[in-house]
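J.: build the 3D model from these lines:
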Amino acid sequence: MSDIKDQIFQELTKLEEGVASLRATAVNAGKQTDLEVAILTEQVKKLRDKNLHATELIDQTVTLLKNLK
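T.: The predicted structure is shown next:
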């Protein structure tokens, strides 16, 4: 009977270690996702700024071309 109890406790210990490992993996994945979202958000902001600047330059060019006619 003692052997069965020991085996059960060993299996429970392995299970607890596996759960702890999975939790750590999930936490790290969450942090990685947060980092990726922050990077992508910054990239989108920069692209929007560049697009706004490009639109302003195009508007200026169109205005100049109209004045040259």
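J.: and residue 38, how far is that from residue 29?
T.: Distance, residue 38 to residue 29, using CB to CB, to the nearest Å: 15 Å. Yep, even glycine has a C-beta here, placed from its N, CA and C like the rest.
J.: same thing with residue 66?
T.: 54 Å.
J.: and for residue 60?
T.: Distance from residue 60 to residue 29, by CB to CB: 47 Å.
J.: do residue 22 as well
T.: Distance from residue 22 to residue 29, by CB to CB: 10 Å.
J.: repeat for residue 58
T.: The value you get for residue 58 to residue 29, if CB to CB is used, is 42 Å.
J.: quick one, helices of this protein?
T.: 2-68 (DSSP state H).
J.: need the pLDDT of residue 28.
T.: pLDDT for residue 28: 88.
J.: my bad, should have said residue 45
T.: On the pLDDT scale, residue 45 gets 96.
J.: residues near it, how many?
T.: 10 (other CB atoms under 10 Å).
J.: ok, now residue 14?
T.: 10.
J.: now do residue 44
T.: Residue 44: 10 neighbours (other CB under 10 Å).
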